[in-house]
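# mind looking at a prediction? Sequence and model below.
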Amino acid sequence: MSHNPIRILFVLAAFVLSSAGAQAQFKIPSADEAFRLSASKSADGGVILDWAIAPEMYLYRDKVIVSASPGDAQPIPVETSPGIKKDDPTFGATEVYHDAARATVSAGSLAAAGSPQTIHVTYQGCAEKLGICYPPETKAIELATLPAAANQSAAASNGSSPWSTVPTGPSQAVGTTTSTSAAPLASQAAPQDNVWMSGSLVSVLATFLGFGLLLAFTPCVLPMVPILSGMLARSGGQLSAGRGLALSTTYVLAMAAAYGLLGIAAAWSGQNIQAALQTPWALGAMSVLFVVLALSMFGLFELQLPSSLTSFISGRTSGMGGSLPGAAALGFTSALIVGPCVTPPLAGALLYVSRTGDMARGAAALFMLGLGMGLPLIVYGTIGAKALPRSGPWLVRVNQVFGVVFLGVAVWMLARVVPAQVTLALWAMLAIGAGVFLGAFDPVPSCPARRVAKAAGIAAVLYGGTLVVGTAGGATDPLQPLAFLARGSQPEPTTELAATQVTTPEQFDAAIRRAQAQGQPILVDFTAEWCVTCKEIDRDVFANPTVQARLKDVAFIKADVTDYNDASRDLMRRFGVVGPPTILFLDPKTGQEIAPARTIGAVDADGFLQKLMLSGV
């Protein structure tokens, strides 16, 4: 398995978190357990708010906000005692509370706010050693039902922690949470989006640009390389370094704009448009487009705009030599359809936008994510433009090579929606065709370069032949087409975990009830047929013997969102899932998610085992 930078970072992060948790023998509590809020009425008719803070947790002083309604632009003044100064990696220099905290809202402040019958208290804190920040919590407090405080002069304890016992005074424990999110569990599911999206706009943009650079060498971007290369090759003898820079920059800017529009679309529709486009019709149309481009590269016909439109564009792009609109169109569609990757930064930004409606910040962050992913493509396009031949027979050969590459992209996209054996047959046809094209059956040439091409052609034909045999034998993996021969007549060993397939919230709830009745830990895998990374996780993670041994007593639920219909969207919104692959762990008693164990995007077996440790499985 390849170890790209983003995977390595997540594995290391998971290792550090799990090690810290193991050393402290610490069970990760929910936000309500970590910051237990109670309220009582003060002597002057105000409100006293007390938090019992769990060990190794801290509460931010400046995140305690009281308002008459959720998200009120004019909060009610609140009095808090000084906290401990802390240089926080997320919010900078700030003050925090350990063990316990107290805030007071005076009767005068309540009267100035219109004497509300209900107040809403928002607060936020973090786990010290685990490095996990909880999302802001908002609690609704009915003032008419508050008891009087037992000791009006009592202050929040600065000594022993009240965590071990429930407060004995007559204060009222607060447990009702209000949420402005379209996804009830989104705040539990993705605390990282608050971390990445908070802070100054400049820091957010720089962070997402860095995330994009880390993703530039993953399967999210690698399929773009042959597309960009083919586009440059089509420019022929007019290609120069300057034009290569212009074309690749246009391609990348359009790709980044597509990611920015994802954020706007998420706020407007509440959907992940990228996932919605992963339908057989959309993927089939893109595959046909690449087949048409491949046939054009083979010289069967010439693709060009009408002469009137060509003249108009050339007048606007004089000196750049080319099809900037075509580059923009390819970049835009490639981002949405060719590389549908759900990564933690993308998921965090989309959840942030869908919850807050802050389209400007979300779209800007996602634009920078796309720009970072495309920066190496700009470098490649500029340097590659100098390396490609300008004219002559070699240019024809280069175009034909990229024609084969375009056919490979078409097959790779179809693999998301057609059966695996059909895909294997298509790879076989492509390999044999490429071998014939390279001269596998031509007479032995005298030119050394042509001999190398003939040898490569023979290898391609032989490989294609093994794929044909594998297809006939029922194989599905193009990397192991003859594995069935080693088994002989023995049946193929079962390597798949037994999983309950669900596609609707009703099926999901039924599966949860069965698991809870048996007291089993619950693993939920959001997957789809068109999700390439999901198939890699099935093959490399869930088929791993060590992983299977750890999951033998776990209720494994596969939430199939292939159709991306109303039922699957409702299920995704319930847990704040942007798209597959996303893996969750649920507490068997409460059915609530164990948020730190969530996995978004690609993961290998070692990284997943670290998540299992965080989940307590």
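Structure received.
# for the rest of this, base every contact and every neighbour count on C-alpha atoms.
OK.
# helices of the stretch 351-500 of the chain, residue ranges please.
Shown for the stretch 351-500 of the chain, the helices assigned by DSSP state H, counting those that start in this stretch span residues 359-387, 393-414, 420-437, 448-472, 483-487.
# closest to residue 136 out of these?
Taking Cα to Cα as the criterion, helix 359-387 is the member of the helices of the stretch 351-500 of the chain that comes nearest to residue 136, at 18.3 Å.
# pLDDT of that closest one, averaged?
Per-residue pLDDT over helix 359-387 has a mean of 77.
# and that helix, what's buried?
Within helix 359-387, the residues scored as buried using 16 or more other Cα atoms under 10 Å are 359, 361-378, 380-385.
# show me how this protein divides into domains.
32-180, 196-418, 500-615 (automatic domain parsing).
# dump these to TSV, plus distance to residue 452.
Converted to TSV, the domains of the chain look like this (distance: least, Cα to Cα, whole Å):
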stretch	distance to residue 452
domain 32-180	55
domain 196-418	14
domain 500-615	33
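# where does the stretch 51-200 of the chain dip in pLDDT?
70-73, 88-92, 129-132, 149-199 (pLDDT under 70).
# around the closest residue to residue 324 other than its chain neighbours, how many other residues sit close by?
For residue 324, the nearest residue in space outside its immediate sequence neighbours is residue 247; the separation is 5.9 Å by Cα to Cα, 6 or more residues apart in numbering. Under the neighbour criterion other Cα atoms under 10 Å, residue 247 is assigned a count of 30.
# likewise for the one 10 residues further on?
The number of residues packed near residue 257 is 22, by other Cα under 10 Å.
# cool, and the one 4 residues further on?
One way to gauge burial is a neighbour count; for residue 261, by other Cα under 10 Å, it gives 19.
# shouldn't it be in contact with residue 363?
Yes: with contact taken as Cα atoms under 8 Å, residue 261 and residue 363 are classed as touching, separated by 6.4 Å.
# out of the domains of the chain, which is closest to residue 465?
Shortest separation from residue 465 across these is recorded for domain 196-418, at 17.0 Å, computed as Cα to Cα.
# where do the strands sit along the stretch 451-600 of the chain?
Taking DSSP state E, counting those that start in this stretch as the test, the strands found in the stretch 451-600 of the chain are 500-502, 522-527, 555-560, 582-586, 599-600.
# residue 423 is nearest to which of these?
When those are ranked by proximity to residue 423 (Cα to Cα), strand 522-527 comes first, at 19.4 Å.
# show residues contacting the closest one.
With contact meaning Cα atoms under 8 Å, 6 or more residues apart in numbering, strand 522-527 is reached by 512, 515, 534, 554-562, 579-588.
# circling back: need the strands of the stretch 451-600 of the chain in JSON lines with distance to residue 300, can you?
Conversion of those to JSON lines gives the following (distance: least, Cα to Cα, whole Å):
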{"stretch": "strand 500-502", "distance to residue 300": "46"}
{"stretch": "strand 522-527", "distance to residue 300": "40"}
{"stretch": "strand 555-560", "distance to residue 300": "41"}
{"stretch": "strand 582-586", "distance to residue 300": "43"}
{"stretch": "strand 599-600", "distance to residue 300": "43"}
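# give me the low-pLDDT residue ranges for the stretch 201-350 of the chain?
Of all residues in the stretch 201-350 of the chain, those with pLDDT under 70 make up the ranges 217-223, 226, 233-239, 263, 265-279, 282, 301-323, 336-350.
# find the nearest non-adjacent residue to residue 530, please.
In space, and not counting its chain neighbours, residue 530 is closest to residue 416: 3.9 Å by Cα to Cα, 6+ apart.
# need the contact list for that neighbour.
If you count contacts by Cα under 8 Å, 6+ apart, residue 416 has them with 529-532.
# residue 215: which of the residues you listed is nearest?
Out of the contacts of residue 416, the member with the shortest distance to residue 215 (by Cα to Cα) is residue 532, at 15.7 Å.
# which residues are in contact with the closest one?
Under the criterion of Cα under 8 Å, 6+ apart, the contact list for residue 532 reads residue 416.
# how far away is it from residue 65?
Plainly put, residue 532 is 44 Å away from residue 65 if you go by Cα to Cα, to the nearest Å.
# now do residue 299
67 Å.
# between the two, who's got more neighbours?
A count of neighbours by other Cα under 10 Å puts residue 65 above the other of residue 299 and residue 65, at 19 against 14.
# wait, the more buried one sits on residue 122?
Yes: taking contact to mean Cα under 8 Å, the distance of 5.1 Å between residue 65 and residue 122 places them in contact.
# ok, the closest residue to residue 376 other than its chain neighbours - contacts?
Excluding its sequence neighbours, the residue lying closest to residue 376 (Cα to Cα, 6+ apart) is residue 216, at 7.0 Å. Contact analysis of residue 216 by Cα under 8 Å, 6+ apart lists 222, 372-376.
# please identify which helix or strand holds the spatially closest residue to residue 95 that is not a sequence neighbour.
By the measure of Cα to Cα, 6+ apart, the closest residue to residue 95 outside its immediate chain neighbours is residue 85, 4.5 Å from it. Using DSSP states H and E, the secondary-structure element containing residue 85 is strand 84-88.
# after that strand, next one along is what?
Toward the C-terminus, strand 84-88 is succeeded by strand 92-97 as the next helix or strand (DSSP H and E).
# which strands or helices does the next helix or strand after that following strand pack on?
Once the chain leaves strand 92-97, the next helix or strand it forms, by DSSP H and E, is strand 100-105. Counting by 3 or more Cα pairs under 8 Å, 6 or more residues apart in numbering; DSSP states H and E, the packing neighbours recorded for strand 100-105 are strand 47-53, strand 79-80.
# what strands line up against strand 100-105, and which way round?
Using DSSP bridges, the strands paired with strand 100-105 in its sheet are strand 47-53 (antiparallel), strand 79-80 (antiparallel).
# next SSE after the longest one?
Next in sequence after strand 47-53, counting helices and strands by DSSP H and E, comes strand 57-60.
# look up phi and psi at residue 528.
As for residue 528, its main-chain torsions (degrees, to the nearest 10) stand at phi -160, psi 150.
# now it: how far from residue 53?
Relative to residue 53, and taking Cα to Cα, residue 528 is found at 41 Å.
# next: residue 261.
Taking Cα to Cα as the measure, residue 261 and residue 53 are separated by 41 Å.
# residue 605 against residue 543, yeah?
No: using Cα under 8 Å, residue 605 makes no contact with residue 543, being 9.2 Å away.
# neighbours of residue 31, just the number please.
20.
# make a markdown table out of the helices of the stretch 351-500 of the chain and add distance to residue 610.
Rendered in a markdown table, the data for the helices of the stretch 351-500 of the chain read as follows (distance: least, Cα to Cα, whole Å):
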| stretch | distance to residue 610 |
| --- | --- |
| helix 359-387 | 27 |
| helix 393-414 | 31 |
| helix 420-437 | 31 |
| helix 448-472 | 36 |
| helix 483-487 | 31 |
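# highest average neighbour count across the ones you listed?
Each of the helices of the stretch 351-500 of the chain was assessed for mean neighbour count using mean count of other Cα atoms under 10 Å. The highest is helix 359-387, with a mean of 23.
# the strands of the stretch 451-600 of the chain: lowest mean pLDDT?
In terms of mean pLDDT, the lowest-scoring of the strands of the stretch 451-600 of the chain is strand 599-600 (a mean of 85).
# helix or strand next in line after that strand, which one?
Note on strand 599-600: by DSSP H and E, the next helix or strand toward the C-terminus is helix 605-615.
# what is that following helix packed up against?
The elements that helix 605-615 packs onto, with contact taken as 3+ Cα pairs under 8 Å, 6+ apart, are helix 5-24.
# so for the helix it packs on, what's the average pLDDT?
Computed over helix 5-24, the average pLDDT equals 37.
# neighbours of residue 47, how many?
Residues within reach of residue 47, counting by other Cα under 10 Å, total 25.
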